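Undergrad: fold the following and give me the result.
(chains A and B)
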Amino acid sequence: MKPRFRQSMNWLHTWSGFIFAWLLYFIFITGSAGYFENEIDRWMQPERVVVQKPMDDADILAMGTRQLSQSADDASQWYISFPSSRDPYIGISWLQPADASKGTVRQWLDRHLHPDSGDIISARQTSGGETLYRLHYTLYYMPLQLGYILTSAAAMLMLIALISGVIIHKKIFLEFFTFRTGKGLRSWLDIHNIFSVLPLPFHLMITYSGLMLLMTVTMATVIDVTYGEGEQKHRQFYTAAQAEITTEQVISMSAAQLSPEAALTDAKARYASQPVSYVGILARGTENQQIEVWFASQRSIEFASMLSYREQDGQVVMSLSEGKAGAAARVYDVLEHLHEGLFADIYLRWLYFICGLLGAGMIATGAIMWLKKRLAKGQHSASCALRRLASINAGMILGIPVAIACYFASNRLLPFDMAFRAEWELHCLFIGLLLSIGLAVCSAAQSVWRNLCWLAAVMFGWLPLLNALTTEHNLLVSLIQADWLMLGFDLCMLVFSAAFVLLAIRLSKTTAATLSGDNVTRPL
Amino acid sequence: MLILMLCVQVFLGFYCLSLSLTRHYTQVFGATRRATPLRVRFYRFSGYSMLLIALFYSVSIWGLALGLVYGLGTATFTAAILALLLTYMPRRLTFGQHPD
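TA: From the prediction side, this is the model:
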């Protein structure tokens, strides 16, 4: 019974892993990049001005409200964001109302302010880090729902592959640290195991929570059955499920005194040690006007805490949100926070990123093994289609990093005020991917990986150069101005480039060795 | 500093555990060496205890939720480094120890 069970798991592992391998690889790479969303944003909007010297919160609030009342007086909601270590800028955002006469649509707009003058900075349009990380569940070029469902299906199969992988791995403890080089398929299996077993807690967490985050899409019928169909009924479900415990208290402030400034002062007195992240003014100009003060809380893996002020019967009522009411919602919150890693400091953020890349490596090595096994089976009779598939696989695995580099490069190269600039950046990403696959298909079988590595090395390596040529930011200037985000990004690109160079050199050595070592004749 | 301390603890834990396995013991100390059963037990025991200490350490500093995240993340990272060291420079891992 036991061996047969294991064998059947083997089959399950192979196929559940392979079916969506490329999609999962794409999800892992773009998702990992998403952990550095803010840092990528900074690089992709070099016009933003970093707040270098500490500023008084009240001054920032005044600056924000002044600018908002000039440019968004008709908006019902305003937010002012305060500088933090990951976002060292002053930002404003507002909900622009739909207005047929002005031709505007209802949407959120956000701008950054110059810390000295308080003026809006005119910055290039960009998709930024946010759209890049959203790619890992929207997949672009398709309806949102389809993207969600495909991602969920891939995550489900990934979870199956993970669990069946643990079952078929006979020596999980014995080979915990084992990596034997130069032994063909054995080495591939070793590295596949290292990529999967060591970050297993991360893999399980990220896959399971990923599935869960999309549960209202994949399990929509459950809501239909319990609450009824239609958006209205579904909203009932969300209100019930996401209900929060809030404590309210009347504070000693007269209603006439209630202003964003007064609310900020009061909130800061309550949370003296925590930095303010946002101030929001909601339902502006109505009698329900409400002022929110958000703090970047350092409480465990919770990300933020919020105080809200409103007027009621001539008094000011302050409410404090204390988390979700339902146990299920609290579990959801924990898993969501773990998945998004917003609480992570720089060390944990890098660990998240590295774990994500290990996951991508796990999928890549899995796909490579799948192909190698099948190619080896029929050395001479290996079908043309299988060879083609192997090339496309190489094009995918190295093409996605190349595509991301293209995305960054397009941000610098597209004309400053081009129409649909942000969309074209994404088009460039996918064009980059297609071109890499094209290159892979056209390359000879033994040089395909090497060629792509060189391509990736060049694409990442020239990004700092491009940055220096097209903007006033370069490595030296960033260092002098203590613009760590810009400097860090440029340095990371150089590190990636160096990694690809090393890989390419290594690959040319091994191909040379195998070609001279044995007399396998391969079609060139 | 706190993080570095955690890394060292987890690394030592995994290091001892890896030495309790014959394959890695011979990698580090030479092909002819075999650890005595007593030594294997010693490595295994100290490895697991070191990992436990690391876990308590991180939970006591960062709290249960965040401490587990730090602990597991660091474990992944250090174990990967150890695996690379064992493959590419195993002789460096003797740390002046004299095998019996």
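Undergrad: flag the shaky bits of chain A, pLDDT-wise.
TA: Where chain A drops to pLDDT under 70, the residues are A:1-3, A:297-304, A:378-382, A:511-524.
Undergrad: can you name the residue of it nearest chain B?
TA: Closest to chain B within chain A is residue A:351: 3.8 Å, counting by CB to the nearest CB. For the C-beta atoms, the positions are set from N, CA and C on the backbone; glycine is no exception.
Undergrad: in the strand or helix carrying that residue, what's buried?
TA: Using DSSP states H and E, residue A:351 sits within helix A:346-377. By neighbour count on 16 or more other CB atoms under 10 Å in any protein chain shown, the buried set for helix A:346-377 is A:347-349, A:351-371, A:375.
Undergrad: rewinding a little: would you agree the residue of chain A closest to chain B is in contact with residue B:71?
TA: No - with contact defined as CB atoms under 8 Å, residue A:351 and residue B:71 do not form a contacting pair (10.9 Å).
Undergrad: count the neighbours of the nearest residue to residue A:287 once chain neighbours are set aside for me.
TA: Spatial nearest neighbour of residue A:287, excluding adjacent residues (CB to CB, 6 or more residues apart in numbering or on different chains): residue A:311 at 7.4 Å. Neighbour count for residue A:311, taken as other CB atoms under 10 Å in any protein chain shown: 18.
Undergrad: break chain A into its domains for me.
TA: What automatic domain parsing lists as the domains of chain A is A:47-123, A:378-524.
Undergrad: need those domains in CSV (columns: mean neighbour count and distance to residue A:160).
TA: Compiled in CSV, the domains of chain A are given as follows (neighbours: other CB atoms under 10 Å in any protein chain shown; distance: least, CB to CB, whole Å):
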stretch, mean neighbour count, distance to residue A:160
domain A:47-123, 16, 36
domain A:378-524, 17, 21
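Undergrad: who wins for proximity to residue B:46 among those domains?
TA: Closest to residue B:46 of the domains of chain A, according to CB to CB: domain A:378-524, at 35.2 Å.
Undergrad: run the chain-centre distance for the closest one.
TA: Centroid displacement of domain A:378-524 relative to its chain, using CA atoms, centre = their mean, to the nearest Å, is 20 Å.
Undergrad: so it, near chain B or not?
TA: No - using CB under 8 Å from any CB of the partner chain, domain A:378-524 stays clear of chain B, coming no nearer than 12.5 Å.
Undergrad: just to revisit the earlier point, ok, the residue nearest to residue A:287 - contacts?
TA: For residue A:311, the contact set (CB atoms under 8 Å, 6 or more residues apart in numbering or on different chains) comprises A:255, A:258, A:287, A:289, A:317.
Undergrad: quick check: the gap between the first one and residue A:314.
TA: The one in question is residue A:255. Here residue A:255 is placed at a distance of 5 Å from residue A:314 (CB to CB, to the nearest Å).
Undergrad: ok, the two, which is more surrounded?
TA: residue A:255 (13 against 8).
Undergrad: that one reaches residue A:315, doesn't it?
TA: Yes - counting by CB under 8 Å, residue A:255 does reach residue A:315; the two are 6.3 Å apart.
Undergrad: can you state the direction angle for the biggest helix by length in chain A and helix A:346-377?
TA: Within chain A, and with DSSP state H defining each element, the longest helix by residue count is helix A:484-517. Relative orientation of helix A:484-517 and helix A:346-377, computed by axes from the mean of the first three to the mean of the last three CA atoms, to 10 degrees: 20 degrees.
Undergrad: what helices or strands is helix A:484-517 leaning on?
TA: Packing contacts for helix A:484-517, counted by 3 or more CB pairs under 8 Å, 6 or more residues apart in numbering or on different chains; DSSP states H and E, involve helix A:37-44, helix A:384-413, helix A:448-470, helix A:475-480.
Undergrad: okay, angle between the first one and helix A:448-470 too, please.
TA: Using the same axes, to 10 degrees, one finds that helix A:37-44 and helix A:448-470 are set 60 degrees apart in direction.
Undergrad: so what's the gap between helix A:37-44 and the chain middle?
TA: What separates the centre of helix A:37-44 from the centre of its chain is 11 Å, taken as CA atoms, centre = their mean.
Undergrad: what does it contact?
TA: Applying CB under 8 Å, 6+ apart, the external contacts of helix A:37-44 come out as A:33, A:48, A:86-87, A:124, A:126-130, A:132-133, A:408, A:411, A:467, A:485-486, A:488-490.
Undergrad: give me the spatial nearest neighbour of residue A:500, chain neighbours excluded.
TA: Using CB to CB, 6+ apart, the closest residue to residue A:500 is residue A:457 (3.7 Å).
Undergrad: who are the neighbours in contact with that neighbour?
TA: A:497, A:498, A:500, A:501, A:504.
Undergrad: quick one: residues contacting the second one.
TA: Neighbouring residues of residue A:498 by CB under 8 Å, 6+ apart: A:457, A:461.
Undergrad: and the first one, by the same measure?
TA: Residues counted as contacts of residue A:497 (CB under 8 Å, 6+ apart) are A:456, A:457, A:458, A:459, A:460, A:461.
Undergrad: quick one on the thing from earlier: can you put the helices and strands packed on helix A:484-517 in TSV and add distance to residue A:242?
TA: Below are the helices and strands packed on helix A:484-517 laid out as TSV (distance: least, CB to CB, whole Å):
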stretch	distance to residue A:242
helix A:37-44	24
helix A:384-413	34
helix A:448-470	41
helix A:475-480	41
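Undergrad: please, which helix or strand holds the residue nearest the centre of chain B?
TA: Geometric centre of chain B, nearest residue: residue B:14, 2.0 Å, by CA atoms, centre = their mean. Element membership for residue B:14 (DSSP H and E) is helix B:2-19.
Undergrad: contact partners of that helix?
TA: Helix B:2-19 is contacted by residues A:176-177, A:347, B:24-25, B:28, B:35, B:43-44, B:46-51, B:53-54, B:57-58, B:61, B:70-71, B:74-75, B:77-79, B:81-82, B:86, B:93 when judged by CB under 8 Å, 6+ apart.
Undergrad: what's the angle from the longest helix of chain A to helix A:384-413?
TA: Note on geometry: by the same axes, to 10 degrees, helix A:484-517 and helix A:384-413 are set 150 degrees apart in direction.
Undergrad: count of residues packed around residue B:45?
TA: 12.
Undergrad: residue contacts, it?
TA: No contacts exist for residue B:45 under CB under 8 Å, 6+ apart.
Undergrad: ok, back up a step: which one of the contacts of residue A:457 is nearest residue A:219?
TA: residue A:500 (41.1 Å).
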